[in-house]
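**Q** fold the following, please.
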Amino acid sequence: MSEITVYTAEPSEICARVKRLLDARGLSYTEIDVQSDADRAALFEATGRRSCPVVVVGDEVVGGYRETVEAEKSGRLAKLAAG
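**A** Numbering: from 1, shown residues only. Okay, here's the model as predicted:
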């Protein structure tokens, strides 16, 4: 199973939604809260994105909430998570 990382900036309803989606699918993940400027810089360096949430499965950046929902609907998220 591939490791899932979720970059969040709390409090954020959209971040909470992406975590609920993953929880509902039984997918475990590591959450990284990026509140500081240094954290945001590390997020951009790791993913090429500046806003949260960002879901990464293995080495692949799935994207934000909308992209994660699309990946879940198409079956791509399950395939990536299965490794």
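**Q** and the end-to-end length of stretch 45-52?
**A** The separation between the terminal residues of stretch 45-52, taken as C-alpha to C-alpha, to the nearest Å, is 14 Å.
**Q** can you list the buried residues in it?
**A** Neighbour counts over stretch 45-52 (16 or more other C-beta atoms under 10 Å) mark 47, 49, 52 as buried. C-betas here are computed from N, CA, C, even on glycine.
**Q** what ranges does this protein have for its helices?
**A** Read by DSSP state H, the chain holds these helices, from start to end of the chain: 13-24, 37-47, 65-74, 76-82.
**Q** phi, psi for the residue nearest to Q35 when sequence neighbours are not counted please.
**A** Counting by C-beta to C-beta, 6 or more residues apart in numbering, the nearest residue to Q35 once its immediate chain neighbours are dropped is A9, at 6.3 Å. In this entry, A9 is assigned phi and psi values of phi -140, psi 100 (degrees, to the nearest 10).
**Q** which residue is nearest the middle of this structure?
**A** Nearest to the centroid of the C-alpha atoms of the chain, with distances taken as C-alpha atoms, centre = their mean, sits V55, at 1.6 Å.
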